[in-house]
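> Sequence and predicted structure, then a few things I'm wondering about:
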Amino acid sequence: MFPKWPNVVVLNLHSHFAEMQGRPKHVRIADVVDSIEFLDEEVSAITYNSESLAKRLGLSIDEIQNFFSQFAFVQM
């Protein structure tokens, strides 16, 4: 149903925002997580392409996967 890896789908993002902010992460990933706060409340999920995100942030795919794989509400 959801796009598969290398895509990452964050479900119910606003209700899980604080949990994502509270986890240790690379400062560049923190910028991505912090931007969720400014999305309209009607946005209930967001999909990131891990390859594109890693390239844009200057991180490895493994760093992206390691962060998002911590959460049950993230589909990979």
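Perfect, I can see it now.

> For the protein, just list every one of the helices.
Taking DSSP state H, the helices of the chain run over residues 13-22, 27-36, 50-57, 61-68.

> Quick one: closest of the ones you listed to N7.
helix 50-57 (6.9 Å; Cβ to Cβ). (Glycine included, C-beta is placed from N, CA and C.)

> mind putting the helices of the chain in a markdown table, mean pLDDT included?
As requested, the helices of the chain are exported to a markdown table (pLDDT from 0 to 100):
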| stretch | mean pLDDT |
| --- | --- |
| helix 13-22 | 93 |
| helix 27-36 | 92 |
| helix 50-57 | 96 |
| helix 61-68 | 95 |
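
> Double-check S69 against M76; I have them as touching.
Yes: at 6.4 Å, S69 and M76 qualify as touching, with contact defined as Cβ atoms under 8 Å.

> out of these two, which sits in the more crowded spot?
M76 (16 against 11; other Cβ atoms under 10 Å).

> Just confirm that one contacts F67, I think it does.
No: using Cβ under 8 Å, M76 makes no contact with F67, being 11.0 Å away.

> picking up where we left off before, so which of the helices of the chain is the most surrounded?
Scoring the helices of the chain by mean neighbour count under mean count of other Cβ atoms under 10 Å gives helix 61-68 as the most buried, with a mean of 18.

> what does that helix contact?
5-6, 8, 10, 23, 25-26, 29, 48, 50-51, 53-54, 57, 74, 76 (Cβ atoms under 8 Å, 6 or more residues apart in numbering).

> Check those residues against E42 and report the nearest one.
V10 (15.0 Å).

> What is the burial count for that closest one?
Residues contacting V10 under the criterion other Cβ under 10 Å number 21.

> My guess is it contacts A45. True?
Yes: with contact defined as Cβ under 8 Å, V10 reaches A45; the gap is 6.3 Å.

> quick one: common contacting residues for these two?
Common neighbours of V10 and A45 are not found (criterion: Cβ under 8 Å, 6+ apart).

> can you redo the helices of the chain as JSON lines with distance to M1?
Listed next are the helices of the chain as JSON lines, based on distance: least, Cβ to Cβ, whole Å:
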{"stretch": "helix 13-22", "distance to M1": "17"}
{"stretch": "helix 27-36", "distance to M1": "22"}
{"stretch": "helix 50-57", "distance to M1": "18"}
{"stretch": "helix 61-68", "distance to M1": "18"}
